[in-house]
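Asker: give me a model of this one.
(chains A and B)
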Amino acid sequence: AQTVTQSQPEMSVQEAETVTLSCTYDTSESDYYLFWYKQPPSRQMILVIRQEAYKQQNATENRFSVNFQKAAKSFSLKISDSQLGDAAMYFCAYFQGGSEKLVFGKGTKLTVNP
Amino acid sequence: DTEVTQTPKHLVMGMTNKKSLKCEQHMGHRAMYWYKQKAKKPPELMFVYSYEKLSINESVPSRFSPECPNSSLLNLHLHALQPEDSALYLCASSQDGLAGDTQYFGPGTRLTVL
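Answerer: Sure thing, here's the model as predicted:
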């Protein structure tokens, strides 16, 4: 079964600085998709960024970018110019081609200090 | 409109009650999901409906009964729940339920079973 590992239960960053959240996954498949979701306290989960495994280019969305290392099975999220509103639980998730199931990591709680 | 709505926001019920959770989306999505999320944990998949047919049941106890009356609406009927069923219940939808589809989450229903 595919697994997703987020080795940092909690992280903190100063406002305006950069932070990187790590995620590794275990799969023998070549067709899959990776996601980062953000869940602020008492608010709904939203998609931060999405990456197709067949694409070499790392996905970016404004201040959010990923470092996708397919051979190493690593999918880290970099948040630049951190803002107070970035404080949330961040979940890395894996979706295998042909499957209907999104597999989540355990999450990393990000605190942004003013 | 990328909104998934869920009602009620909060629900308190006794172990002998029967209640229902409701989820609605108007994005034309054909796949809908129920997840259960305990505090500080990732969401756990319960059910997947694809084109109004139940396609995944993750061995959920029969006291949870899903229903998809049409492509926009998803219900979760609750009966004879246990205190350990207290959690945040999330609904999500995606375009077709395919691997690359982004899942859009609702705000959840916070359920307390007394």
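
Asker: beta-bridge partners for the closest residue to chain B within chain A, please?
Answerer: Nearest residue of chain A to chain B (C-beta to the nearest C-beta) works out as residue A:104 at 3.6 Å. C-beta: built from backbone N, CA, C; applies to glycine. Listed by DSSP bridges, the beta-bridge partners for residue A:104 are residue A:93.

Asker: tell me which residue is most central in the chain.
Answerer: No chain was given, so I picked chain A. residue A:36 (3.3 Å; C-alpha atoms, centre = their mean).

Asker: look at chain B instead
Answerer: Chain B has residue B:34 as the residue nearest its centroid, 2.9 Å off, counting by C-alpha atoms, centre = their mean.

Asker: measure that residue to residue B:20 for me?
Answerer: According to C-beta to C-beta, to the nearest Å, residue B:34 and residue B:20 sit 12 Å apart.

Asker: list residues touching both of the two?
Answerer: Jointly contacting residue B:34 and residue B:20 under the rule C-beta atoms under 8 Å, 6 or more residues apart in numbering or on different chains are residue B:76.

Asker: rewinding a little: can you tell me the helix or strand for the residue nearest to the centre of chain B?
Answerer: Per DSSP states H and E: residue B:34 is located in strand B:31-37.

Asker: ok, is that strand in contact with chain A or not?
Answerer: Yes: applying C-beta under 8 Å from any C-beta of the partner chain, one finds strand B:31-37 touching chain A at residue B:31.

Asker: on that earlier part again, element containing the residue nearest to the centre of chain A, please.
Answerer: Using DSSP H and E, residue A:36 maps to strand A:32-39.

Asker: wait, does that strand contact chain B?
Answerer: Yes: Strand A:32-39 is in contact with chain B by C-beta under 8 Å from any C-beta, via A:32, A:33, A:35, A:37.

Asker: list the buried residues of the next helix or strand after that strand.
Answerer: Next helix or strand after strand A:32-39 toward the C-terminus (DSSP H and E): strand A:46-52. For strand A:46-52, burial by neighbour count (16 or more other C-beta atoms under 10 Å in any protein chain shown) applies to A:47, A:48, A:49, A:50, A:51.

Asker: run through the residues you listed and flag the ones next to chain B.
Answerer: Residues of the buried residues of strand A:46-52 in contact with chain B (C-beta under 8 Å from any C-beta): A:47, A:50.

Asker: phi, psi of residue B:83?
Answerer: Residue B:83 adopts backbone torsions of phi -60, psi -30, taken as degrees, to the nearest 10.

Asker: how about the residues of chain B by chain A?
Answerer: B:31, B:40-43, B:45, B:48, B:50, B:55-56, B:90, B:97, B:99-100, B:102-108.

Asker: quick one: residue A:66 and residue A:52 touch, right?
Answerer: No: counting by C-beta atoms under 8 Å, residue A:66 does not reach residue A:52; the two are 11.4 Å apart.
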